[in-house]
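Enquirer: The sequence and its predicted three-dimensional model are supplied below.
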Amino acid sequence: MKNPFVLVGLSEFFAKGVSWLSLAIIPFFAPPEIYGEIVLFYSIIVFFMPVYLFGQDRLILKNNPEEEVTNSVVFSILIGLILGLFFYFSDYFLASFAGLILAFNKIYLTYFRANESLKSYVLNRISYSIFRFLFVVFTVYFFYSLNNYIFSEIFAVFFATIGLFIICFKLKWKVSFNFFDRLKHGFPLMLHGISLFGIALVDRFILERFTNYETVGNYSFIYIFASGLIFLYSIVGVINEKKIYKSIYLKDLLLNIKITLVFMFLLGLAGSILSIILYLVLFNFGFVANYDFMLTELIVLLLAHLVLPFYLVSNYFLIQQGRNYLLLFCSFFALMINIVLNFILIPRFGLQGAVYSTLFSNIILCIAVLFISYMVFQACKRDI
């Protein structure tokens, strides 16, 4: 297949779909209480991933990938050792370790993207999604416990990432980076990643505090339909993010930004319609009888995700301009707004409070980052 967009797009559609199904299928045989616990700890796992990644995927894309891949692995291991000592005596050690392995896989995928090894990228995405589906569903269905579930996530991503360590051995683990320079580069991106995941995930923890796992399970069930739009956006981002970073002239930069934004929005709109249809089919045929029917709440969450292409494209633009620290400001500000709204709305409105907090927080995030991007763009025009 000669068209890289079609090749990567189809693989992302399959991989994201199967990975999404790994959690989406659980409500068919597990009650909301168990599903809520699983989703809560999966949120913790993905929350740890940007901590260990530390923004190093950007360095791999911008610099020599052959040098940066080993640097990134070693740096993540160092961060893992430091934090591992802290989490060893806590309930989050396994979840933290799972986040580290996910960071390795992200490094592996970024290495393929930087070298334009699309077939290897596709193979990794598909293999991981299949491993995850088989391990997670089998574990939860036959011998569920929280630790067993976390181990299933670890094994799935580990088997898909073995090749990364083979690459490092072939490169003889050559390391050439300044720890503090890398820390300085990655710290704002790491905090930005945490803030961004926090915006998407913190509502579950606040919801569990004021309600119970059953409510978290019901909320997570409708949320997973809306969050599927992020998977669709990533199809466009895999190809066009690098084009934006490599844009030398302002005219080319604007063109790549517009194309990325249009494709993301069209995919998001199509995905929203399909999500609503699928949701209605599942309830009309009684596939998820233990869960509450909440179509209005689903539509609100879909709207909350339909505005995100403006944030994602602005994200690419600010990184291309070397303004990483501005992303941290936007995401941290939106996270604080999200936390405040959740603490205000959830005790009074319960699940609906979490839904509307997500919508308002995403809108505020997009407005903030668009305003900052506009100011940076105007400064670029003046410098020409």
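Expert: Received the coordinates, thanks.
Enquirer: Could I get the pLDDT score of residue 9?
Expert: Here, the pLDDT recorded for residue 9 equals 66.
Enquirer: my bad, should have said residue 122
Expert: 87.
Enquirer: Next, give phi and psi for it.
Expert: Residue 122 adopts backbone torsions of phi -60, psi -40, taken as degrees, to the nearest 10.
Enquirer: That one and residue 12, how far apart?
Expert: 9 Å (Cβ to Cβ, to the nearest Å). The C-beta positions use only the backbone N, C-alpha and C, and glycine is treated the same way.
Enquirer: higher neighbour count, those two?
Expert: Shown here are residue 122 and residue 12; by other Cβ atoms under 10 Å, residue 12 has more neighbours (24 against 19).
Enquirer: what's near enough to touch that one?
Expert: Counting by Cβ atoms under 8 Å, 6 or more residues apart in numbering, residue 12 touches 125, 231, 234-235, 238.
Enquirer: Name the residues that touch stretch 286-297?
Expert: With Cβ under 8 Å, 6+ apart, stretch 286-297 has contacts from 27-28, 31-32, 217-218, 221-222, 276, 279-280, 282-283, 351-352, 355.
Enquirer: Pull out the buried members of those.
Expert: Neighbour counting with 16 or more other Cβ atoms under 10 Å marks 27, 32, 217-218, 221-222, 279, 282-283, 351-352, 355 as buried within the contacts of stretch 286-297.
Enquirer: Sort out for me which of those residues are in helices.
Expert: Counting by DSSP state H, the buried ones among the contacts of stretch 286-297 place 32, 217-218, 221-222, 279, 282-283, 351-352, 355 in helices.
Enquirer: Select from the contacts of residue 12 every entry located in helices.
Expert: Per DSSP H, these map to helices at 125, 231, 234-235, 238.
Enquirer: Just put the residues you listed in a markdown table and tack on distance to residue 250, pLDDT and neighbour count.
Expert: Shown next, in a markdown table, are the ones in helices among the contacts of residue 12 (distance: Cβ to Cβ, whole Å; pLDDT from 0 to 100; neighbours: other Cβ atoms under 10 Å):
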| residue | distance to residue 250 | pLDDT | neighbour count |
| --- | --- | --- | --- |
| 125 | 33 | 89 | 23 |
| 231 | 31 | 77 | 17 |
| 234 | 26 | 79 | 17 |
| 235 | 26 | 76 | 21 |
| 238 | 24 | 71 | 21 |
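Enquirer: between these, which is closest to residue 51?
Expert: Closest approach to residue 51 among the ones in helices among the contacts of residue 12 (Cβ to Cβ): residue 234, at 20.2 Å.
Enquirer: next one: the helix or strand harbouring residue 224 to chain centre, how far?
Expert: Assigned by DSSP states H and E, residue 224 belongs to helix 213-245. Computed by Cα atoms, centre = their mean, to the nearest Å, the chain-centroid distance of helix 213-245 equals 7 Å.
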